[in-house]
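Enquirer: fold the following, please.
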Amino acid sequence: MRVSYGSLVSGLFVAVVGLSMAMPGETQAQDGWTPALQMQYKAVQGTEISPDGQHVAFMVREPIMEGEKSEYLSHIWIADADGSGARQFTRGDKSVGSPSFSPDGNHLAFTSGRSGENQIWVMPIEGGEAWQVTDADPGVSAFSWSPDGRSFAFTQRDPDTEEEKTAKEELSYIIRVDQNFKFNHLYVVEVGDGTGEPAEVERLTEGPFHVSGFDWAPDGSSIAFGHQADPRINTGMIAGDIARVSVPQGAVTQLVTGQGSEGQPLWSPDGAWIAYVSSGDQAEPIGLGDVFLVSPDGMKQKALAHTHDRSAGLVQWTPDSRALLVSETVGTEQHLQRLPADGSEASVVTKERGVYGAFSFSDDLETMAYTFQTPEMPADVYVGDLDGTDGVRVSDVHAGVPRPEMGRTEKLTWTTSDGLDIDGLLTYPVGYEEGTQVPMILNVHGGPAGAFVETFTGSPGIYMLQSWAQDGYAVLRPNPRGSTGYGKEFRFANFQDWGYGDLDDLLAGVDLTVEMGVAHPDSLLLMGWSYGGYMTSFAVTRTDRFKAASMGAGLPNLVSMVTTTDVQDYLAGHMGGEFWDDFETYEKHSAIYQIDKIDTPMQVIHGENDLRVPFTQGQEFYRALDRKGVPTEMIVLPRTPHGPREPKLLMAVQPAIKEWFVKHLRPTRVISDDR
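Expert: Next comes the predicted model:
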């Protein structure tokens, strides 16, 4: 096996196999990393730079966990582009979102539920009173300034009828599954100045289709929009089209139709083309997003060159309409790419190693606002040139938050027996000494087309990495075949192969850490959420090398999963068809049908209201393990969909997993640990 590994902190690191072994919980710094400390690192997101590049707005989200509250609160901050004058722009106990400068740069629009439902509000950037522009029922989904700054286009869901409202009030309302959809449709409304009555709203689209995204024509005469047959997430994964609607007449022209899934329309500044992302001439439920152009009359279309991962997120046209800027995962990093409109090859624009995101640009494209983070540095907002190398930091939301010594993170690469190069991120225990073998957790990401990237390891999450490092564990986070960031062939490489080739990739990474002398072979642990939970359930049918495992929102039964999940075509796409046509494949890749092989102590964690991986997936696995006599426990997160949405519940996950791991890692020892 060919192996290469480079440290993110201090160059090449080669561990020497040692005879000593540190046990978690033996010694712990009183002021070290804990889940409570990690929760203090706020989320910085959603940059918006002013048209002249002089100001930048950004979102800061923080957890509120006082008394009976367990929620997140988001507000807008504004700073000058040179990093000075940072100030909180919105306040109150209701979150705001989607900051957007007016075309003249004098006002900032945002959405907020401060009056009840989510509505559009506008406020002068110099301060003053905000005024409410919309009174949409049941609220605004998304909005955009018109090019002249006089109006907004926005989407809202169809409201309940009077009969439906009455039935809900009288508790006689029933839900008809996959019927009576509430569609998103396009509307326009004048901005006004807040001194008179709100302007009358004009509806642009109607009918049995769901608007998924939109963009104004440069002259304001029409709006390009993506649409799909209904609002279901599964529908959007397999089908969608592009259309154009005139303003204010509301005449709709279909531009792109067919068997693929199209979305993210983005009009070129010269008005000649509308860019969009498409799976091509057929549905690709595993995931494919190439960039195409269509003329506003729909008569001309052309495909652009493939981006690195072929999963492009459209960000911006260049002012000369000669190229698009797109965002994608590139290995364990995230970058901005330049994609020429003439069909020539894409190139990576941003240069620094790390994770770029939340891009916004001045009108002349000379100035870019963005977020940037590395495993050792939390996300902040920067303003600088397009390549992101000499940006000025304009936010400092973590000032005053303690930063204890961190467990360093290193990128590893190994080659599997069938020739695939696999990346993984290894986070060492705090204060790790070379030659010391330590307990190691194999952490598997979701998806399977997810990816572990080089984000700040002290941020809060389901798996609090620095808290694990503080407690003496190493954590390995691989990107096995099927992960995003490595191109279509790699992402499709686990087709009809869940639990086999991908698991071999993971176990090869574990073998590498053992060879390096970092992981102790008798102290290995396993955890993962969603597809990571699936892999956790399946791994223990193939190996008994893990002392304990924790399955989060996992799917051990692919037959019952494909008939209950809200993304059924995604799973069927990976399995190659329907289960009634090929039951053998579904059975082969389901842990529940091989439960006789499981002896590893297994913890099951699941959200009570999960529709992506229904609650019954965790329940049937737990019941089967319990009846078989395998050590097991099940933890249910109340009010929770596919992952914790409340900060107090998020904080509860890590201690529960740690208790389970310590119990089975050191079964003969008395544990006294208040962390």
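
Enquirer: only C-alpha atoms from now on, for both contacts and neighbour counts.
Expert: Noted.

Enquirer: helix or strand: which one has residue 653?
Expert: Here residue 653 sits within helix 647-665, counting by DSSP states H and E.

Enquirer: and if you look at residue 225?
Expert: strand 222-228.

Enquirer: where does the prediction get shaky in this structure?
Expert: 1-30, 667-675 (pLDDT under 70).

Enquirer: how distant is the helix holding residue 653 from the center of its chain?
Expert: 23 Å (Cα atoms, centre = their mean, to the nearest Å).

Enquirer: could you export it as PDB, CA atoms only?
Expert: Extracted C-alpha coordinates of helix 647-665, given in PDB (Å, rounded to 0.1, in the frame of the first residue of the first chain):
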ATOM      1  CA  PRO A 647     -28.400  23.500  21.000                       C
ATOM      2  CA  LYS A 648     -29.200  21.700  24.300                       C
ATOM      3  CA  LEU A 649     -29.900  18.500  22.500                       C
ATOM      4  CA  LEU A 650     -26.800  18.900  20.400                       C
ATOM      5  CA  MET A 651     -24.800  19.200  23.600                       C
ATOM      6  CA  ALA A 652     -26.400  16.100  25.000                       C
ATOM      7  CA  VAL A 653     -25.100  13.800  22.200                       C
ATOM      8  CA  GLN A 654     -21.400  13.800  22.900                       C
ATOM      9  CA  PRO A 655     -21.600  12.900  26.600                       C
ATOM     10  CA  ALA A 656     -23.900  10.000  25.800                       C
ATOM     11  CA  ILE A 657     -21.600   8.600  23.200                       C
ATOM     12  CA  LYS A 658     -18.500   9.100  25.400                       C
ATOM     13  CA  GLU A 659     -20.200   7.300  28.300                       C
ATOM     14  CA  TRP A 660     -21.000   4.300  26.000                       C
ATOM     15  CA  PHE A 661     -17.400   4.200  24.600                       C
ATOM     16  CA  VAL A 662     -15.700   4.400  28.000                       C
ATOM     17  CA  LYS A 663     -18.000   1.700  29.400                       C
ATOM     18  CA  HIS A 664     -16.900  -0.700  26.700                       C
ATOM     19  CA  LEU A 665     -13.400   0.400  26.200                       C
END
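
Enquirer: and the contacts of that helix?
Expert: With Cα atoms under 8 Å, 6 or more residues apart in numbering as the test, helix 647-665 has contacts from 35-36, 39, 63-65, 70-72, 461-464, 523, 525, 547-550, 601, 603, 637, 644, 671, 675.

Enquirer: narrow the residues you listed to those in strands?
Expert: 63, 64, 71, 72, 523, 525, 547, 548, 549, 550, 603, 637 (DSSP state E).

Enquirer: which strands or helices does the strand holding residue 225 pack on?
Expert: With contacts taken as 3 or more Cα pairs under 8 Å, 6 or more residues apart in numbering; DSSP states H and E, strand 222-228 sits against strand 210-216, strand 241-246, strand 262-267.

Enquirer: adjacent strands (with direction) for that strand?
Expert: Using DSSP bridges, strand 222-228 pairs in its sheet with strand 210-216 (antiparallel), strand 241-246 (antiparallel).

Enquirer: need those in TSV (columns: mean neighbour count and distance to residue 448).
Expert: Below are these laid out as TSV (neighbours: other Cα atoms under 10 Å; distance: least, Cα to Cα, whole Å):
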stretch	mean neighbour count	distance to residue 448
strand 210-216	25	24
strand 241-246	23	26
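
Enquirer: would CSV of those strands with distance to residue 84 be doable?
Expert: Formatted as CSV, these follow (distance: least, Cα to Cα, whole Å):
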stretch, distance to residue 84
strand 210-216, 32
strand 241-246, 42
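
Enquirer: mind checking which of the contacts of helix 647-665 are buried?
Expert: 35, 39, 63, 461-464, 523, 525, 547-550, 601, 603, 637, 644 (16 or more other Cα atoms under 10 Å).

Enquirer: strands of the stretch 351-500 of the chain, start to end?
Expert: With DSSP state E, counting those that start in this stretch as the criterion, the stretch 351-500 of the chain has strands at 355-361, 368-374, 377-384, 392-393, 409-415, 421-427, 438-444, 474-479.

Enquirer: in the third one, what counts as buried?
Expert: It stands for strand 377-384. So, applying 16+ other Cα under 10 Å, buried residues of strand 377-384: 377, 378, 379, 380, 381, 382, 383, 384.

Enquirer: ok, now which ones touch the fourth one?
Expert: Read it as residue 380. 44, 371, 372, 373, 393, 394, 395, 396, 397.

Enquirer: equivalent analysis for the third one, please.
Expert: For residue 379, the residues meeting the contact criterion (Cα under 8 Å, 6+ apart) are 43, 44, 371, 372, 373, 455, 456.

Enquirer: compare those and tell me which is most surrounded.
Expert: The most crowded member of those, judged by other Cα atoms under 10 Å, is residue 372 (27 neighbours).

Enquirer: tell me the bridge partners for that one.
Expert: Applying DSSP bridges, one finds that residue 372 bridges with residue 356, residue 380.

Enquirer: where's residue 630 relative to residue 372, distance?
Expert: 44 Å (Cα to Cα, to the nearest Å).

Enquirer: before we move on, what about residue 131?
Expert: 33 Å.
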